[in-house]
Structure formats: C-alpha cells, structure tokens
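>>> take this sequence and fold it.
(one chain, ligands or ions: 1)
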Amino acid sequence: MSENFTFNLKATSGKARLGEITMPRGTIRTPAFMPVGTVGTVKAMYLDQVKEGGADIILGNTYHLMLRPGPERVARLGGLHELIRWPGPILTDSGGFQVMSLSGLRKLDEQGVTFKSHVDGSLHHMSPERSIEIQGLLDSDIQMQLDECVALPNEPREIERAMELSLRWAERCRVAFGNQPGKAMFGIVQGGDQPALRIRSAEGLKQLDLKGYSIGGLAVGEPQAVMLDMLRITLPVLPTEKPRYLMGVGTPDDMLKSVAEGIDMFDCVMPTRSGRHGLAFTRRGKVNIRNARHAEDMRPLDEQSSCPATRDYSRAYLHHLVRSNEALGGMLLSWNNLSYYQELMQGIRQAIAEDRFEDFKAETIEMWARGDI
Ligand SMILES: N#Cc1ccc(CCNc2nc3cc4nc(N)[nH]c(=O)c4cc3[nH]2)cc1
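Numbers count the residues shown, from 1 in each chain. Here you go, the predicted structure:
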C-alpha cells in the first residue's frame, strides 16, 4: 500500500510491460483487467467472487451513479466503497462516453454536456468541473477527465474539433482535481483514426501533471487493425513511467495484441454482458451455451479450472439454465467469464516476467483458433 499513487514498471518483454500501481486502497497488478461495475455492482456477481477471481480494481460510471443513487447521497452514505462493500481501488469513467451512448443528448458546448436521463427523462448538465466533483463525492481512486468521444468513421475536422475540446476540458479537470495524493486523475487521448490528431492530443496531455493516460476514442466500431495502428502512433509519445489504459477493450485477442503494443489497463463489459447472454469464454475459445449441441453434454466448461462455475457445472445444466432464462445461468457464466479474463491476465503477467510474451500471445491465439471446445 502507499499513501500516494505510484506506478512501478517491473519488467518488459518486447513492448509488453509488467507493472504495479500502488494506492492507499491496494495494489493493482498490470496488465490489469477491470470488471465493469456500472451502477455499483458487477452485474450478476458478488464482489467477493470478483475479488477472489483475481480483480484488483473495478470500474464505476459517473453517468449512471449521478442519476441513481446520486453523488451527494453516495457521499452521505460514506462513499462508493462503503456502499458497495468493495475495499479495493475503484476507477470511474467521467460520463462523457455514456452521455453520448445512452442519454438523450440535448447540447454539447464549451461548458459541457446537457442531457436527458435515460432513467426518467430528467434534464442534467455536466461540466468538466462537475464530473470531477461527482467522482470526488463517489470517493473514486482513479478519476477520468470529461471528454468527447466521436464515432468512427468520421470527418477529420469533426474528430479534430472533439479532440481539441477534450484537451481544453482536460485542463479544466486538472485544475478542478487539484492535489489529492492518494488519488489519480487520468487524461484521455482522443484523435480518432487520425495519426496527427492522436499525437497532438498526447502531446497536449503531457503538458498537464497527470498520473496516467487513457486511450479513448477507440473500440467504437473501427477494425482492430485501425485500433492497433492508433496505439502504435500514440503510445511512443506517452511517458513510459506512467500507466496506459485502453478504454472499453475488449476481447482476449484485442487485449493480447494491445499488451504487445504497451497497454497496462483494460475494462470491458464483454465478459459479464456476454455471460448474461449465454456466451462462455474458455481457454479453448468461446462456447455458445444456448446451442442445442450442449443439451446433454455432462462435461464442465473446463475440468482443469480453479473456478467452481467452470469446473463443477455441466454444459447441459448451463444450457438448461440459459434456455430457461434462469438468473443462475447468467451468474455462473459471468463468474466463468471473469475468471477466464483474470486467468488470461495472470498468464500475460507471468509471460512478461519470464520474457516470453510473444510466444504466450501466439500460443493463446492459436489455442483459441483451434477451438475443440
Ligand atoms: N459486450 C460488449 C461490448 C460493448 C461495448 C464495447 C465497446 C466499448 N468501447 C468503448 N468504451 C469506451 C469508454 C470511453 N470513455 C471515455 N470517457 N472516453 C472514451 O473515449 C471512451 C471510449 C470507449 N470505447 C465492447 C464490448
């Protein structure tokens, strides 16, 4: 533990990095996968399971929590950690992305965003300063700047407008965040699929005293090759001694290839959302449990797994639960999927420590391609 936010780069294997973030609430082993706890819960999971499954940190969403239960209420109840009983670090997204993707956006200008809640249609305004204030009321450990993420493909001038606005908002968030030793504020690199704009954004953020850098504006529908190209453009501009967080990513394949470019942190709803829809992630690839071929298959998903959901329940039972739309189906598959994601991250960290990450990446991708599940 540390009373400050520190990042220790422990080893590299090619451009892949092994590290540790130490904060007052705990240590985060990187490369790290952060389960998404949107409204203060990692859906269909007990947080004890999330912790035992290997997660050091979870993600919360400013947009959702500002609508319900509300930041001042969360503060009155002792902060998010107290309310949801998660003692470890929490990273909160700033709300911009969720406003664009979920709410009835009414206005976006220099001052911030004005939107209608997707919950009850109430009108809200969020400025960069209010986003940081809300994240402070939530007692968030790693706070994101407010930014504007544009869809891809898009006009270069639109991408440039949003990137420049996000840079100005980063400055305002940095002032609003002030000096909070045990906490961190990350800037978010924008610039879409435009190399010059990515470099401009990264250079601009480097002028601010930031504890880490998120790579935003990706995983918005662009081909994986474009996402990886933008990492190859952006990461060399960023300081090596600070963590890099690729937002909203991703599949195991995405994460392996992004670690290879130098990414340290990930978050994605995929393991939990797809688990609730009957999709299981395993060492040998994906299994669609809804498929009739599993109806009488008494094998577990993976008898060698340490996760009870993966090792102790038959595919036939999982198939029955999912087909019957029973809550236990989504619970067991979410548990399996998060365990697989954390097992993958542990394998990645071990491979970097032993300087054999490229081989690990190739073997894991090949195992997935072979299937035989
Ligand atoms: N199942 C499933 C599933 C659903 C959605 C996604 C894509 C998530 N992509 C994504 N999240 C993001 C969050 C973000 N937050 C902020 N503040 N800024 C971003 O540019 C940003 C970009 C993102 N890109 C991936 C998997």
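>>> what helix or strand does the residue of the chain positioned farthest from its centre sit in?
For the chain, the residue at maximal distance from the C-alpha centroid (C-alpha atoms, centre = their mean) is residue 296, at 35.8 Å. Using DSSP states H and E, residue 296 sits within no helix or strand.
>>> around the ligand, pick out the residues from the stretch 151-300 of the chain.
188, 216, 217, 219, 220, 247, 248, 268, 269, 270, 273, 274 (C-beta under 6 Å from any ligand atom). C-beta: built from backbone N, CA, C; applies to glycine.
>>> okay if I get the residues you listed as a markdown table plus pLDDT, neighbour count and secondary structure?
Formatted as a markdown table, these follow (pLDDT from 0 to 100; neighbours: other C-beta atoms under 10 Å; DSSP: H, G, I helix; E, B strand; the rest coil):
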| residue | pLDDT | neighbour count | secondary structure |
| --- | --- | --- | --- |
| 188 | 98 | 29 | strand |
| 216 | 98 | 30 | coil |
| 217 | 98 | 33 | coil |
| 219 | 98 | 22 | coil |
| 220 | 97 | 20 | coil |
| 247 | 98 | 25 | coil |
| 248 | 98 | 21 | coil |
| 268 | 98 | 23 | coil |
| 269 | 98 | 15 | coil |
| 270 | 98 | 20 | helix |
| 273 | 98 | 16 | helix |
| 274 | 97 | 20 | helix |
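>>> quick one, helices of the stretch 251-373 of the chain?
Using DSSP state H, counting those that start in this stretch, the helices of the stretch 251-373 of the chain run over 252-259, 270-276, 308-311, 315-323, 327-353, 357-370.
>>> kindly report the same for the stretch 51-200 of the chain.
Under DSSP H, counting those that start in this stretch, the stretch 51-200 of the chain gives helices at 62-67, 71-76, 80-84, 96-102, 128-137, 156-177, 195-206.
>>> weakest of those by average pLDDT?
Among these, helix 96-102 has the lowest mean pLDDT, at a mean of 92.
>>> show me what that one is packed up against.
Using 3 or more C-beta pairs under 8 Å, 6 or more residues apart in numbering; DSSP states H and E, the elements in contact with helix 96-102 are helix 62-67, strand 112-116.
>>> quick one, phi psi at the residue lying closest to residue 56 once chain neighbours are set aside?
Nearest non-adjacent residue to residue 56, counting by C-beta to C-beta, 6 or more residues apart in numbering: residue 28, 4.4 Å away. Phi and psi for residue 28, reported as degrees, to the nearest 10, are phi -110, psi 110.
>>> residue 22 and residue 3 touch, don't they?
No: in this structure, residue 22 is not within contact of residue 3 by C-beta atoms under 8 Å, at 9.6 Å.
>>> out of those two, which sits in the busier spot?
Each of residue 22 and residue 3 has its neighbours counted (other C-beta atoms under 10 Å); residue 22 has more, 17 against 10.
>>> list phi and psi for the more buried one.
The phi/psi pair for residue 22 (degrees, to the nearest 10) reads phi -110, psi 140.
>>> ok, it to residue 240 distance?
18 Å (C-beta to C-beta, to the nearest Å).
>>> ok, the residue positioned nearest the centre of the chain to residue 97 distance?
When C-alpha atoms, centre = their mean is applied to the chain, the residue found nearest the centroid is residue 267 (1.5 Å). Distance, residue 267 to residue 97, using C-beta to C-beta: 11 Å.
>>> on that earlier part again, so which of the helices and strands packed on helix 96-102 is nearest residue 85?
When the helices and strands packed on helix 96-102 are compared by C-beta to C-beta, helix 62-67 sits nearest residue 85, at 15.5 Å.
>>> near the ligand at all, the worst-scoring helix or strand of the chain on mean pLDDT?
Every helix and strand in the chain was compared by mean pLDDT, DSSP states H and E; the lowest is strand 104-109, with a mean of 88. No: contact of strand 104-109 with the ligand is not found when judged by C-beta under 6 Å from any ligand atom; the minimum separation is 13.6 Å.
>>> quick one, that strand and strand 112-116 angle?
Counting by axes from the mean of the first three to the mean of the last three C-alpha atoms, to 10 degrees, strand 104-109 lies at 160 degrees to strand 112-116.
>>> send me strand 104-109 as PDB with only the CA atoms.
Extracted C-alpha coordinates of strand 104-109, given in PDB (Å, rounded to 0.1, in the frame of the first residue of the first chain):
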ATOM      1  CA  GLY A 104     -30.900  11.900 -24.800                       C
ATOM      2  CA  LEU A 105     -28.100  14.300 -25.600                       C
ATOM      3  CA  ARG A 106     -29.500  17.800 -25.800                       C
ATOM      4  CA  LYS A 107     -26.500  20.100 -26.100                       C
ATOM      5  CA  LEU A 108     -22.700  19.800 -26.100                       C
ATOM      6  CA  ASP A 109     -20.700  23.100 -26.000                       C
END
